[in-house]
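Enquirer: Quick one, fold the following:
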Amino acid sequence: MSKMNKPKNSHVGSTLDDFLKEEGIYEHVQTTAIKRVLASQLERAMKERKLTKMEMARRMHTSRMQLDRLLDPDNYSVTLATLRRAAAVVGREVRLELV
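Expert: Residues are numbered from 1 along each chain as shown. Modelled structure (predicted):
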């Protein structure tokens, strides 16, 4: 097949964001990425402070089950209040920005 007969790729030159929007999954992918980063950062901070999940939950005044939901990268039902309490326990703060 010559170059002239090849079908043109409609995604050439587009961004990943454009592709995800065309596929209708942009918001889901963004939400998943944000939650995974937050969960990873929180777990890393817990390790740095040598906090077990039980101790972390105790200091947050919550259950181990609630902490597990917070650390689950696929669970998006986390409140800002819970996230802020967790960040405070590990000596961090939460910063949000609308862009």
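
Enquirer: Geometric centre of the chain: which residue is closest?
Expert: In the chain, the centroid-proximal residue (CA atoms, centre = their mean) is residue 35; its distance is 1.7 Å.

Enquirer: quick one: pLDDT of it?
Expert: At residue 35, the model reports a pLDDT of 92.

Enquirer: for it, what are its contacts?
Expert: Applying CB atoms under 8 Å, 6 or more residues apart in numbering, we find residue 35 in contact with 73-76, 78. In short, each C-beta sits where N, CA and C put it, glycine included.

Enquirer: Would you list the buried entries among these?
Expert: Buried members of the contacts of residue 35, counted by 16 or more other CB atoms under 10 Å: residue 78.

Enquirer: mind listing what's buried in the one helix or strand the residue nearest to the centre of the chain maps to?
Expert: Using DSSP states H and E, residue 35 sits in helix 26-48. For helix 26-48, a neighbour-count test (16+ other CB under 10 Å) marks 35, 38-39, 42-43, 45-46 as buried.

Enquirer: so which of the contacts of residue 35 comes closest to residue 64?
Expert: residue 75 (14.2 Å; CB to CB).

Enquirer: Surely that closest one is in contact with residue 69?
Expert: Yes - using CB atoms under 8 Å, residue 75 is in contact with residue 69, at 4.9 Å.

Enquirer: I appreciate the help and will end here.
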